[in-house]
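Q: 3D, please:
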Amino acid sequence: MAVAPPDRAQGAAPVLGGPALPGGPTSPAGSAPSVDPATSVGDEVPVSAAWVPPTWEDIVRDHSARVYRLAFRLTGNKHDAEDLTQEVFIRVFRSLSTYAPGTFEGWLHRITTNLFLDGVRRKQRIRIDAIGDDSERHPATGDLHNPERRFEHANLDLDIQRALGDLSPEYRAAVVLCDIEGLSYEEIAVTLGIKLGTVRSRIHRARAQLRRSLAHRAPQALLAGDLADGDPLAGLRVAQP
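A: Below is the predicted model of the structure:
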């Protein structure tokens, strides 16, 4: 999906640069010698303060697929996923100047899920209008050159997406982050800003509801108890880089 950069004239803070490294090319002649990147001595600026934000193009190139995948699982349809992805990158771009270097992917997870939950609270409903559309089930061959259409064609399981859509937004966010994105309970607690016990409770209840919704896919296994404590989204977890 092509993600358009935000309009700087409309309030987007320019962040395509960053503080220069001490002693770097932009330092005036006679300035203090450069600091060893592995150390911080005395009152010298710590290494993290010298982090240079990536450009808009770098962010979109490196992270658009990950953000779109998460947005699609959370929203349940292409159009809302595209809108959420665009909103995420605008928020990221405008917040880069205040970002404390750490796990960039974790920061993206947090922004994506929080924007999704904020949007749901505003609307008080979730639209999953693409589920029953035959054109979504069987994309034309030419459409497969589009990254989003390739993802849907290869990954969209209508039963699972319907089952996810039946979950409350809070349960859905927790179980998607855990069972599809592969985050730990501790990482999910940080991402959603909730207690670890709440994470465990939401995931447990979400999985139980998913197993009931997907029972028709493996009724004998369910009756035999094989799915009693398992992950109903097994096989959907994305490969981590």
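Q: buried ones in stretch 93-107?
A: Neighbour counts over stretch 93-107 (16 or more other C-beta atoms under 10 Å) mark 93, 96, 105, 107 as buried. (C-beta placed from N, C-alpha, C; glycine too.)
Q: correction: stretch 71-83
A: Using 16+ other C-beta under 10 Å as the test for burial, stretch 71-83 gives 71-78, 80-82.
Q: re the thing from before, out of the buried residues of stretch 93-107, who's nearest residue 178?
A: When the buried residues of stretch 93-107 are ranked by distance to residue 178 (C-beta to C-beta), residue 105 comes first, at 15.0 Å.
Q: how far away is the nearest residue to the closest one once chain neighbours are set aside from residue 88?
A: Once flanking residues are discounted, residue 105 sits nearest to residue 66: 6.9 Å by C-beta to C-beta, 6 or more residues apart in numbering. Residue 66 is 10 Å from residue 88, where distance means C-beta to C-beta, to the nearest Å.
Q: neighbour count winner among those two?
A: residue 88 (24 against 17; other C-beta atoms under 10 Å).
Q: need the next SSE after the helix or strand hosting the residue nearest to residue 105, C-terminal direction.
A: If you go by DSSP states H and E, residue 66 is part of helix 56-75. Once the chain leaves helix 56-75, the next helix or strand it forms, by DSSP H and E, is helix 78-95.
Q: Can you get me a residue count around residue 207?
A: Residue 207: 22 neighbours (other C-beta under 10 Å).
Q: unless I'm mixing things up, it is touching residue 176, no?
A: No. Between residue 207 and residue 176 there is no contact under C-beta atoms under 8 Å: 11.6 Å.
Q: how about low-confidence regions in the protein?
A: Along the chain, the parts satisfying pLDDT under 70 run over 1-51, 124-157, 217-241.
Q: again, 80 this time
A: For the chain, residues meeting the criterion pLDDT under 80 lie at 1-53, 97, 100-102, 122-159, 216-241.
Q: all helices for the chain, in order.
A: 56-75, 78-95, 104-123, 134-137, 147-155, 158-166, 169-179, 185-192, 196-213, 219-223 (DSSP state H).
Q: hang on, residue 111 packs against residue 90?
A: No. Taking contacts as C-beta under 8 Å, residue 111 lies outside contact range of residue 90: 10.1 Å.
Q: State the number of residues packed around residue 175.
A: Close neighbours of residue 175, defined as other C-beta under 10 Å, add up to 26.
Q: Run the angle between the helix holding residue 66 and helix 104-123 for me.
A: 50 degrees (axes from the mean of the first three to the mean of the last three C-alpha atoms, to 10 degrees).
Q: What is helix 56-75 packed up against?
A: Where contact means 3 or more C-beta pairs under 8 Å, 6 or more residues apart in numbering; DSSP states H and E, helix 56-75 is packed against helix 78-95, helix 104-123, helix 147-155, helix 169-179.
Q: ok, 10 Å please
A: helix 78-95, helix 104-123, helix 147-155, helix 158-166, helix 169-179 (3 or more C-beta pairs under 10 Å, 6 or more residues apart in numbering; DSSP states H and E).
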